[in-house]
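In: Below are the sequence and a predicted model; questions follow.
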Amino acid sequence: MTRLRAALQCPLTHPVFLGCLLFALVTSAYIFASGKNTRAIASDGWGYYLYLPAVFIYGDIHFGFLNDKPLPPPIAQYRLGDGSWQGLLSTETGYRDKYAAGVAVLQLPFFLAAFVFAKLTSGSFTGFELPFQLANAVSAAAYFALACYLIYRTARMRFGQVPSLLSLGFMVLATNVIDYATFDPSFSHVYGFCLVSGLVYLTVRRVEIKEAVPPSEFVLFGILVGLAVMVRPTNVVVAPLYLLFVAHTK
């Protein structure tokens, strides 16, 4: 029963989630306020994010709007010096995006919040103005915090509070994950990090409980694997976790 209550605990009110979210937001605010970075949506992140304005603002999944003349400045700033676009290949109808759409799917709630705000406060927008940049940064911070919570909950199944917190802190500070949660928030890394953390949590929890997997968890596991592959196809390497996940179904 104790494990069940812990599993059902809302992550949004957990001190680890709130602490990691605050840490990421404050760090991100410092980075952008100090001018160390000027855009949340940049480089590869442009290609991951592009699906959202293409669908919800331009209604053009082929990205043909990038050939409009003149281009609005918020979009034109992303054009490379040779006239091409980061990660896009020209086609007869527009462009083909080499980046997978999984990041855009996960960013959608935050994008929609910025979209509604822009609708209420601006006559026209491109999807790359300040509200959308902020939404992108907050999105990465939120998924980073959720990933940290899932890792902490996984560790707590076998270890005490202090070693679990110390291992989480070491992971955050000794790897580059905090960079992708703050300085490069539009990249795919922090989103894959969150999804894989969720898969690990589900797997270890099921192994610890040693009970048959309910249908709802099969569905959730499949959704997480699917999203992880949509974020980066190479994330398919975590699929073998399924063998451990179902080890006690009989």
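Out: That came in fine, so what should we check first? The structure displayed is predicted, hence computed values, not measured ones. Numbers count the residues shown, from 1 in each chain.
In: contacts, neighbours, all on C-alpha from now
Out: Fine.
In: Show me what the helix or strand containing residue 165 is packed against.
Out: Assignment of secondary structure by DSSP states H and E places residue 165 within helix 161-174. When contacts are defined as 3 or more CA pairs under 8 Å, 6 or more residues apart in numbering; DSSP states H and E, helix 161-174 sits against helix 130-156.
In: And the helix it packs on, what's buried?
Out: For helix 130-156, a neighbour-count test (16 or more other CA atoms under 10 Å) marks 131-156 as buried.
In: can I get the CA coordinates of the host helix or strand of residue 230 in PDB?
Out: Under DSSP H and E, the secondary-structure element containing residue 230 is helix 215-231. As requested, C-alpha coordinates have been extracted for helix 215-231 and formatted as PDB (Å, rounded to 0.1, in the frame of the first residue of the first chain):
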ATOM      1  CA  PRO A 215      -3.500  -3.200 -19.500                       C
ATOM      2  CA  SER A 216      -3.200   0.500 -18.700                       C
ATOM      3  CA  GLU A 217       0.500   0.200 -18.000                       C
ATOM      4  CA  PHE A 218       1.000  -1.700 -21.300                       C
ATOM      5  CA  VAL A 219      -0.600   1.300 -23.100                       C
ATOM      6  CA  LEU A 220       1.500   3.800 -21.200                       C
ATOM      7  CA  PHE A 221       4.700   1.900 -21.800                       C
ATOM      8  CA  GLY A 222       3.900   1.700 -25.600                       C
ATOM      9  CA  ILE A 223       3.100   5.500 -25.700                       C
ATOM     10  CA  LEU A 224       6.400   6.400 -24.000                       C
ATOM     11  CA  VAL A 225       8.400   4.100 -26.400                       C
ATOM     12  CA  GLY A 226       6.600   5.600 -29.400                       C
ATOM     13  CA  LEU A 227       7.100   9.100 -28.200                       C
ATOM     14  CA  ALA A 228      10.800   8.400 -27.500                       C
ATOM     15  CA  VAL A 229      11.300   7.100 -31.000                       C
ATOM     16  CA  MET A 230       9.400  10.100 -32.400                       C
ATOM     17  CA  VAL A 231      11.800  12.400 -30.500                       C
END
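In: Contacts for the helix or strand just after the helix holding residue 165, please.
Out: Read in the C-terminal direction, the helix or strand following helix 161-174 is helix 177-182, with elements assigned using DSSP H and E. Contacts of helix 177-182 with the rest of the structure, by CA atoms under 8 Å, 6 or more residues apart in numbering, involve 24-25, 27-28, 31, 137, 140-141, 144, 172, 185-187, 189-190.
In: 10 Å - rerun?
Out: Contacts with helix 177-182, where a contact means CA atoms under 10 Å, 6 or more residues apart in numbering, come from 21, 23-32, 37, 40, 137-145, 171-173, 184-191, 193.
In: so where do the strands sit in the chain?
Out: 88-90, 95-97 (DSSP state E).
In: out of those strands, deepest packed?
Out: strand 95-97 (a mean of 18; mean count of other CA atoms under 10 Å).
In: For that one, name the packing helices and strands.
Out: Taking 3 or more CA pairs under 10 Å, 6 or more residues apart in numbering; DSSP states H and E as the contact definition, the neighbouring helices and strands of strand 95-97 are strand 88-90.
In: Counting by contacts, list what the strand it packs on packs against.
Out: So strand 88-90, by 3+ CA pairs under 10 Å, 6+ apart, packs with strand 95-97.
In: ok, the strand it packs on: who's next to it in the sheet?
Out: Strand 95-97 pairs in its sheet with strand 88-90 (antiparallel), by DSSP bridges.
In: pLDDT of the strand it pairs with, averaged?
Out: Along strand 88-90, the predicted confidence averages to a pLDDT of 93.
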